[in-house]
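In: need a structure here:
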Amino acid sequence: MHVNSQKIVAVALMSCVIMAVTSNRCFAGAWTSQEGKLYEKLSLNNYTTDRYFDNDGKKSNLSYNGKFSDINISNYLEYGLTDSIGVINSIFVKRIENKTDFATTTTSGIGDIEIGLKHKLAEGSYGVLSHQATVKIPGFYDKKSALPLGNGQFDAEYRILYGLSLWRIFPGYANFEAGYRYRAEAPSDEFRYLAEIGGDITSKLYVRAKLDGIQSVNNSDKMSDSVGNPTTIYQFDLGKLDTALGYKIGEMWGAELGYTPTLYGKNTADGTTFSLGVTYSIR
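Out: Numbers count the residues shown, from 1 in each chain. The predicted model follows:
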């Protein structure tokens, strides 16, 4: 794969500048950060799989004893432009590998980048209601390579978010999200949904669990790719359980351990992600 190294350096430097100007604490789900406040999370993630879900949702081994891995460093941030409007950004630097009985293929580089805005519509004793719009921008990779980092296309998503404090019951919160993602060209559009609950165990420890799902609209031009990346299928369903245990280090810093297994799916990989993250916030 041929990549413009100057573009990679430029994007990486831009991301570092954004990180420095807009670093974090998790303003969960529907909640937005106040003006000038920020949340930043830098994570090392390891995704592996040797199985996939077929079009009926049944699990099988990848062809030719295949094993796929995605080791990446991700950065996610939220920054408050005003008390009710925040900017969102995520970026990945990846190394993916597909190994079979016949060959081993690897690709490294900057993956897809997402940017967007979150706007708080209302807040009261009933909870918080927000909406957000995001755009996925293809990274600087060759989507026609033997093992592409992504599909090389633009996506646009609109999402409604509702959050509710649970402090009358225990020191925690619940969050629910629903959205529609338009995917350009061949891939199917998607319904996206999320149900989340989290809270404090002690003054330092906290936990979080999310059911994060994708439901295909089934309007793809094709059923599947011919490339070796089982996570970039044109049309698929997917449900994951994103769990995290966090530790607060002072007022601004924190650390998180993450475990995200795949629960169900169709026409996509059945894998698990382990994560180690560092958070920084200005509240």
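In: give me the beta-bridge partners of the residue most central in space within the chain?
Out: In the chain, the C-alpha closest to the average C-alpha coordinate belongs to S90, at a distance of 7.8 Å (CA atoms, centre = their mean). Beta-bridge partners for S90, by DSSP bridges, are Y76, E114.
In: can I assume it is in contact with E78?
Out: No. Look at S90 against E78 with CB atoms under 8 Å: they stay out of range, at 10.0 Å. C-beta: built from backbone N, CA, C; applies to glycine.
In: Walk me through which strands the helix or strand hosting D242 pairs with, and which way each runs.
Out: Per DSSP states H and E: D242 is located in strand 237-249. Here strand 237-249 has these sheet partners by DSSP bridges: strand 205-216 (antiparallel), strand 253-266 (antiparallel).
In: Output that strand in PDB, but only the C-alpha positions, please.
Out: Taking C-alpha atoms only, strand 237-249 is exported to PDB below (Å, rounded to 0.1, in the frame of the first residue of the first chain):
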ATOM      1  CA  ASP A 237     -25.600  -6.400  11.700                       C
ATOM      2  CA  LEU A 238     -23.500  -6.200  14.900                       C
ATOM      3  CA  GLY A 239     -24.000  -6.000  18.600                       C
ATOM      4  CA  LYS A 240     -21.200  -5.500  21.200                       C
ATOM      5  CA  LEU A 241     -21.000  -5.200  24.900                       C
ATOM      6  CA  ASP A 242     -18.500  -2.400  25.700                       C
ATOM      7  CA  THR A 243     -17.500  -2.600  29.400                       C
ATOM      8  CA  ALA A 244     -15.000  -0.600  31.300                       C
ATOM      9  CA  LEU A 245     -13.500  -0.300  34.800                       C
ATOM     10  CA  GLY A 246     -12.000   3.100  35.600                       C
ATOM     11  CA  TYR A 247      -9.800   4.700  38.200                       C
ATOM     12  CA  LYS A 248      -9.800   8.400  38.900                       C
ATOM     13  CA  ILE A 249      -6.200   9.800  39.400                       C
END
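In: what pLDDT, on average, does it get?
Out: For strand 237-249, mean pLDDT is 97.
In: same thing with stretch 118-131?
Out: Across stretch 118-131, the average pLDDT comes to 96.
In: if we can go back for a sec, report pLDDT for the residue nearest to the centre of the chain.
Out: 96.
In: Distance check, it against S74.
Out: Using CB to CB, to the nearest Å, S90 is found at 7 Å from S74.
In: which residues in this protein form helices?
Out: Ranges of helices within the chain are 5-21, based on DSSP state H.
In: Lowest-scoring secondary structure element of it by mean pLDDT?
Out: Using mean pLDDT, DSSP states H and E, helix 5-21 stands out as the lowest-scoring helix or strand of the chain, at a mean of 38.
In: mind listing what the residue nearest to the centre of the chain touches?
Out: Contact analysis of S90 by CB atoms under 8 Å, 6 or more residues apart in numbering lists S74, N75, Y76, L77, I113, E114.
In: I'd say the first one and I110 touch.
Out: Read it as S74. No. S74 is not in contact with I110 according to CB under 8 Å; the separation is 11.1 Å.
In: so where is the stretch 1-150 of the chain shaky, pLDDT-wise?
Out: In the predicted model of the stretch 1-150 of the chain, residues 1-28 satisfy pLDDT under 70.
In: If we use 90, what do you get?
Out: Scanning the stretch 1-150 of the chain for pLDDT under 90 picks out 1-28, 33, 139-146, 148, 150.
In: Would you state the strands of it in chain order?
Out: Assigned by DSSP state E, counting those that start in this stretch, the strands in the stretch 1-150 of the chain fall at 38-49, 51-53, 59-61, 67-80, 85-99, 104-110, 113-124, 127-137.
In: Return the set of buried residues in the third one.
Out: Read it as strand 59-61. Within strand 59-61, no residue qualifies as buried by neighbour count (16 or more other CB atoms under 10 Å).
In: Please compute how far stretch 96-106 lies from its chain's middle.
Out: 24 Å (CA atoms, centre = their mean, to the nearest Å).
In: start to end distance for that stretch?
Out: Counting by CA to CA, to the nearest Å, you get 6 Å between the two ends of stretch 96-106.
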